[in-house]
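Q: could you work out the structure for the sequence below:
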Amino acid sequence: MSLRVKLALALVLLTTAATATIGAWSYIGTSDRLFAEIDRSLQAGAAAGQQDQAPGPTDGDHPAGATPVAPGEEQVMVQTVAPNGHVVAASTGVTLPVDDLDRAIASDSVSSNPGDARRRDVNINGSPYRILTTDLENGRGAVQTARSLSETLRVLESLRNFVIVAALVIIGLAGAIGWIIATRVTRRLVRLTQAAEEVADSGRLDIAVPGGGADEAGRLGNAFAAMLAALDRSRDAQQRLVQNAGHELRTPLTSLRTNVSVLRRHPDLPSETKHRVLDDLDMETRELTTLVNELVELATDRRPDEAHAPLDLFALVERVADRARRRTGRDIVVRLDSNGARMIIGGSGALERAMSNLLDNASKFDTTGGPIDVTVLAGRVTVCDRGPGLDPADLPHIFDRFYRAVDARSQPGSGLGLAIVNDVARDHGGQVYATNREGGGVCVSLEIPTEDPTTSHLGRPAATRTSG
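A: Sure, this is the predicted structure:
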């Protein structure tokens, strides 16, 4: 059963319950009011009979003491019953039935309290009547008052028929209105469901999604559209990553195949040439391993979980610089600004990886052999080389994945090192940026806040991606 049908049925059931309750309450209230009015008129007639009637001979057209209360069909008929049970006076030509209990009331054999009454409904000549039998004082018999119920029953029947017809009409209107309301309420939900089914069937993420409005359906549509847009961007980014990764992997793989082919075709290569080919194989293998590790890290957007702890930034940079000196043979000068804060909060492994990438990048593109300058200042590490520098148009993009400046494309590397530095900075609530150094070279800065972004929300700088 669809939501539209459920809403329409719910409205119909609610209307039916409300209409039935109001109709029954109206009918019962009207019925009680009409019969109460009949009982009041019978009691008034009985009171008049108590005062005016006495058993005795008839006189002319009316028996002695007969008291007509109202003319026509609505009149209250009055008759007196003697203690022996005989009818001795009647207000009309209709004789009211007297049974054993009425005779007992008239003979005062069932009650010792004057004014005790008995009410009952009977049929007289096929017409319904209500009779009230009341005993007279001093054992003088009883007085009976009666009134026809025909008109009251006709009124109640008419009211009942009207209530039933009105209820049916209202329920029908409620069904039609409920269907219209349910259709309007669920229209966007139906379109949203169709869009979701189309996405599931076709795999497309550019499906038009109904949105707009501040109600729940509108907010759901907007959220679903935003989700599809995010998925579309993510899929595009994954496709670009795969394409770029394939392009970057071809170079080392081609070199490996070439060197292996040389070794196979020329098994008797001179020792010097063979060592050079093996060195190339070893370098390409290491580069390929580094590239694969970086690709896995970036593709999954996950790094090993590492608890953040207080770190001496200067000591961390010194450790990384010492390893870089031994590996590259370059002179790396680390300076701590006298006003700089040494302590930060972060992950040691991730930050060492970022610092190592910065130093490797500087060593790779600075071919002058001059020193590499590293400055530590208040949670900021700046690495400056003395290379050729970068075109200003390249500066905003050097932290993009696989981006390599035109002049750097002949150099080894994957174009992922600075992208990883950017991701580490972002994970620590920091930022990275690059500028050209006066006199030649590039300065790349990594800023890390001095408090843990995972445990504090005060004073945390927003992570800023240079591009991408």
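Q: could you use CA atoms for every contact and neighbour count after this?
A: OK.
Q: what about Asp268, neighbour count?
A: By the criterion of other CA atoms under 10 Å, Asp268 has 9 neighbours.
Q: now the one 5 residues further on
A: As a burial measure, the neighbour count of Thr273 was computed by other CA under 10 Å and equals 10.
Q: what's the answer for the one 5 residues further on, then?
A: Per other CA under 10 Å, the neighbour tally for Leu278 reads 16.
Q: excluding chain neighbours, give the residue nearest to it in space.
A: Leaving aside its sequence neighbours, Leu278 sits nearest to Asn259 (CA to CA, 6 or more residues apart in numbering; 7.9 Å).
Q: and the one you found, how far from Val87?
A: Separation of Asn259 from Val87 (CA to CA, to the nearest Å): 138 Å.
Q: avg pLDDT for the strand or helix carrying Thr258?
A: According to DSSP states H and E, Thr258 maps onto helix 216-265. For helix 216-265, mean pLDDT is 77.
Q: what do you get for stretch 23-39?
A: 91.
Q: alpha carbons of that stretch, as CSV, please.
A: Taking C-alpha atoms only, stretch 23-39 is exported to CSV below (Å, rounded to 0.1, in the frame of the first residue of the first chain):
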residue,chain,number,x,y,z
GLY,A,23,-24.0,11.9,14.8
ALA,A,24,-24.5,9.4,17.6
TRP,A,25,-24.1,12.1,20.2
SER,A,26,-26.7,14.3,18.4
TYR,A,27,-29.2,11.5,18.0
ILE,A,28,-28.9,10.3,21.5
GLY,A,29,-29.1,13.8,22.9
THR,A,30,-32.1,14.7,20.8
SER,A,31,-33.8,11.4,21.7
ASP,A,32,-33.3,12.0,25.4
ARG,A,33,-34.5,15.5,25.1
LEU,A,34,-37.7,14.5,23.3
PHE,A,35,-38.6,11.7,25.6
ALA,A,36,-37.8,13.9,28.6
GLU,A,37,-40.3,16.4,27.3
ILE,A,38,-42.9,13.7,26.9
ASP,A,39,-42.2,12.5,30.5
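Q: next one: it to chain centre, how far?
A: The chain centre lies 49 Å from the centre of stretch 23-39; the measure is CA atoms, centre = their mean, to the nearest Å.
Q: same check on stretch 313-322?
A: Counting by CA atoms, centre = their mean, stretch 313-322 is centred 50 Å from the centre of its parent chain.
Q: contacting residues around it?
A: 332, 334, 336, 342-344, 348, 352, 355-356, 359, 376, 379 (CA atoms under 8 Å, 6 or more residues apart in numbering).
Q: quick check: buried residues in it?
A: Leu313, Phe314, Leu316, Val317, Glu318, Val320, Ala321 (16 or more other CA atoms under 10 Å).
Q: same deal with stretch 205-217?
A: For stretch 205-217, the neighbour count (16+ other CA under 10 Å) marks Leu205, Val209, Pro210, Gly211, Ala217 as buried.
Q: got CSV for those residues, with distance to Gly29 and secondary structure too?
A: Output for the buried residues of stretch 205-217, formatted as CSV (distance: CA to CA, whole Å; DSSP: H, G, I helix; E, B strand; the rest coil):
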residue, distance to Gly29, secondary structure
Leu205, 63, coil
Val209, 55, coil
Pro210, 52, coil
Gly211, 51, coil
Ala217, 45, helix
